[in-house]
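*Asks:* build the 3D model from these lines:
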Amino acid sequence: MYKLLIVEDEVWEREGLADFFDWSELDIEVVGTAANGIQGIKMAKEYLPDIIMTDIRMPLMDGLKLSEEVKKFLPGCRIIIITGYDDFKYAKDAIHIGVFDYLLKPVQKQQLLNALNRTINDIQREAQREEYADNLRTQLTERAYKERERFLLSILRGDVQHYGSDDYKDFVSVCYRRTAAVVIRVNVCTFGSETVYYAGQEHFGTVYKRIRDAVGDKGITAGNDPENGEIAICLPVSQNGRGEIEEVIRLIRKQDYELNKPEYIIGVGSVSNDITGFAESFRQAQTALKLLFFMKDKDILYYDDFARPEILQEAAVYEFLQSAPEYSKKILNAVVSSDAQKITQITDELFDIICKNYVDKNLVCNFLADVINEISLLLLSKGGPFNIGFDSGDDILKAFQGCIKLDQMKKRFNALLINANRCFAEKRKNREEYIIENVMNIIENEYMNDIGLEVIAHRLGISPNYLGSLFKKYAGRRFTEALTEFRMNKAKEMLLSGTDSIMNVAKKTGFINTSYFCTVFKKVHGISPMEYREKFDYGSENER
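*Replies:* Okay, here's the model as predicted:
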């Protein structure tokens, strides 16, 4: 809604104007009323109205002075003067100040409505003009940025011949001076669906524009590899190259106030003297990024600052490949049968080797993805879910490749392992509970038969030792104790509810030897079966 401020010294006229219309129908809100020019200026600064309706003659400050002062801090405010003085000088002064409309009292309702409609239409037209101008400026700026980006990408591809025309002389002059390459890798690491992937790319686009705007005309910026979040910058430098580079990086970080490290890492190549040298500087900056990947507490690295910048790939690959199968087996065993602490311990050991040897990132990503896929297939074969945090093998590989720090990769890998461990534990728990439930059903329904631990274990396809250990874990006692207790309770029921002989009761509760039955019964209940029957007088439900 458009904001309206009314300034009028006469109370009845001020209140009358405030109630003149149903202002909401005009898309106008009366934000305040003032009794003089000084009060009007104060309220204008507070509410920033789009329209002011004011009288001319008022105490302390008249309407013309008010209009003049308001125009200094609200040049776009439309001022409508409503006055009873038909004085040419007033009208002339009002035009000079920039008053939008000048109405004489007594003003008619339709007359004021027409003036307000003209005012609103003028505000809307100006807003459209400003929007058009902003769009045009944006388009021209974007077009210029695109040309600069194409030029820089051509240099990186080694294709600069067709940029020799005058159209690109400004760009060429930049790259023929002393320059340094700055490469920024943005964190676009994602897991899973296309929606998440596109969110990562949208994030890259946002960061890229911020960085590009921060660099501005101080250099040339290009999205070198959006898929992996890589941005290339060509910075012209003078003799104080390091200082100028640091200033641009400071501007980038200041512009990107919402995104704190390690949202991106920065590699800087050596200063070069021509286009050919810049391409080499770019490669050095990428090497610096590879090294930064292993450095936990750094997010910027100058190639010149690293004592031995070349990574000894062959030795690193050999040591890693030697230990990889063993760690793959350790990880698999830990995920299937151990706890989260053990998994984290093995993960720490593995990544210590990776960090110490600067193992090639792609090799590490492929190894980690293979381990996760192997675990997923095993979980699937056990009836569990295949998805433990991603949609497919390609997704997990891309997710690891998108990590900008080794520590970030380790956390994601460890989280996936622990998630898989929970899935295995759940499957194991469900299976164990199923086994115990079967054992209890067998006891309840077949207690009269010879159902030792070996017989039941064979029937369930597991070892007697495992079944015995599992039963004690869930029931809190040994299998034989549970079976004996159930049989003795059944024996009590039979002794009190019928006339079966002690021998028959023994047979019906799974005892072939009556003497042994009596021994067990007395051990459990403290008296013999016959004494129990006599004491409770054939069928009494009272218990000792």
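*Asks:* domains of the protein?
*Replies:* When the chain is parsed with automatic domain parsing, its domains come out as 2-107, 157-305, 313-427, 447-535.
*Asks:* quick one: which of those is nearest Asn438?
*Replies:* With C-beta to C-beta as the measure, domain 447-535 is the member of these nearest Asn438 (6.3 Å). Backbone N, C-alpha and C define where each C-beta goes, glycine included.
*Asks:* pLDDT on the closest one, on average?
*Replies:* Domain 447-535 carries an average pLDDT of 89.
*Asks:* start at 59, not 1
*Replies:* New numbering, starting at 59: the last item is domain 505-593.
*Asks:* now do it: distance from first to last residue.
*Replies:* Terminal residues of domain 505-593 lie 26 Å apart, using C-alpha to C-alpha, to the nearest Å.
*Asks:* picking that back up, of the domains of the chain, which shows the lowest average pLDDT?
*Replies:* domain 215-363 (a mean of 76).
*Asks:* could you tell me the end-to-end distance of that domain?
*Replies:* Rule used - C-alpha to C-alpha; the end-to-end distance of domain 215-363 is 27 Å.
*Asks:* who are the packing partners of the lengthiest helix in the chain?
*Replies:* With secondary structure taken from DSSP state H, the chain has its longest helix at helix 167-215. Contacts defined by 3 or more C-beta pairs under 8 Å, 6 or more residues apart in numbering; DSSP states H and E place helix 167-215 against strand 109-112, strand 136-141, strand 159-162, helix 227-233, strand 278-283, strand 288-294, helix 333-350.
*Asks:* show me what contacts Phe158?
*Replies:* 136-138, 176-177, 180 (C-beta atoms under 8 Å, 6 or more residues apart in numbering).
*Asks:* spatially nearest residue to it, not counting backbone neighbours?
*Replies:* Arg136 (4.1 Å; C-beta to C-beta, 6 or more residues apart in numbering).
*Asks:* right, and Asp362 touches Gly325 too?
*Replies:* No. Contact criterion C-beta atoms under 8 Å: Asp362 and Gly325 do not qualify, at 11.4 Å.
*Asks:* please say which of these two ends up with more neighbours.
*Replies:* The neighbour comparison of Asp362 against Gly325 (other C-beta atoms under 10 Å) goes to Gly325, with 25 against 15.
*Asks:* where's that one relative to Asp283, distance?
*Replies:* Noted for Gly325: a distance of 13 Å to Asp283, by C-beta to C-beta, to the nearest Å.
*Asks:* adding distance to Met498, write the domains of the chain out as CSV.
*Replies:* CSV is the format used below for these (distance: least, C-beta to C-beta, whole Å):
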stretch, distance to Met498
domain 60-165, 74
domain 215-363, 42
domain 371-485, 21
domain 505-593, 8
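*Asks:* before we move on, back to that, of all the helices and strands packed on helix 167-215, which one comes closest to Asp357?
*Replies:* helix 333-350 (7.1 Å).
*Asks:* buried ones in the closest one, by neighbour count?
*Replies:* Residues of helix 333-350 classed as buried by neighbour count (16 or more other C-beta atoms under 10 Å): 333, 335-337, 339-340, 342-350.
*Asks:* what about Ile462, neighbour count?
*Replies:* 26.
*Asks:* if you could redo that for Tyr60, that was the one I meant.
*Replies:* So Tyr60, with other C-beta under 10 Å, has 18 neighbours.
*Asks:* leaving out the residues flanking it, which one is nearest to it?
*Replies:* Using C-beta to C-beta, 6+ apart, the closest residue to Tyr60 is Asp108 (4.4 Å).
*Asks:* how much space separates that neighbour from Ala533?
*Replies:* Counting by C-beta to C-beta, the gap from Asp108 to Ala533 is 79 Å.
*Asks:* Arg470 too?
*Replies:* Taken as C-beta to C-beta, the span from Arg470 to Ala533 is 40 Å.
*Asks:* neighbour count winner among these two?
*Replies:* Using other C-beta under 10 Å, the more surrounded residue of Arg470 and Ala533 is Arg470, with 20 against 14.
*Asks:* check which helix or strand that one maps to.
*Replies:* helix 464-504 (DSSP states H and E).
*Asks:* buried stuff in the host helix or strand of Ile96?
*Replies:* Here Ile96 sits within helix 95-105, counting by DSSP H and E. In terms of neighbour count (16+ other C-beta under 10 Å), helix 95-105 has its buried residues at 95-99, 101-102.
*Asks:* looking at the residues you listed, spot the one nearest Phe594.
*Replies:* Of the buried residues of helix 95-105, the one sitting nearest to Phe594 (C-beta to C-beta) turns out to be Met101, at 98.0 Å.
*Asks:* tell me the secondary structure at the residue lying closest to that closest one once chain neighbours are set aside.
*Replies:* For Met101, ignoring the flanking residues on the chain, the nearest one in space by C-beta to C-beta, 6+ apart is Gly90 at 4.7 Å. What DSSP: H, G, I helix; E, B strand; the rest coil gives for Gly90 is strand.
*Asks:* what about Gly90, how many residues nearby?
*Replies:* 19.
*Asks:* give the bridge partners for it, please.
*Replies:* Taking DSSP bridges as the rule, Gly90 bridges to Leu63.
*Asks:* isn't it up against Ile64?
*Replies:* Yes. Judged on C-beta under 8 Å, Gly90 makes contact with Ile64 at a distance of 7.5 Å.
*Asks:* and Pro107, that one's in a strand?
*Replies:* No. Pro107: not assigned to a strand; according to three-state DSSP it is coil.
*Asks:* where's it relative to Val429, distance?
*Replies:* Taking C-beta to C-beta as the measure, Pro107 falls 66 Å from Val429.
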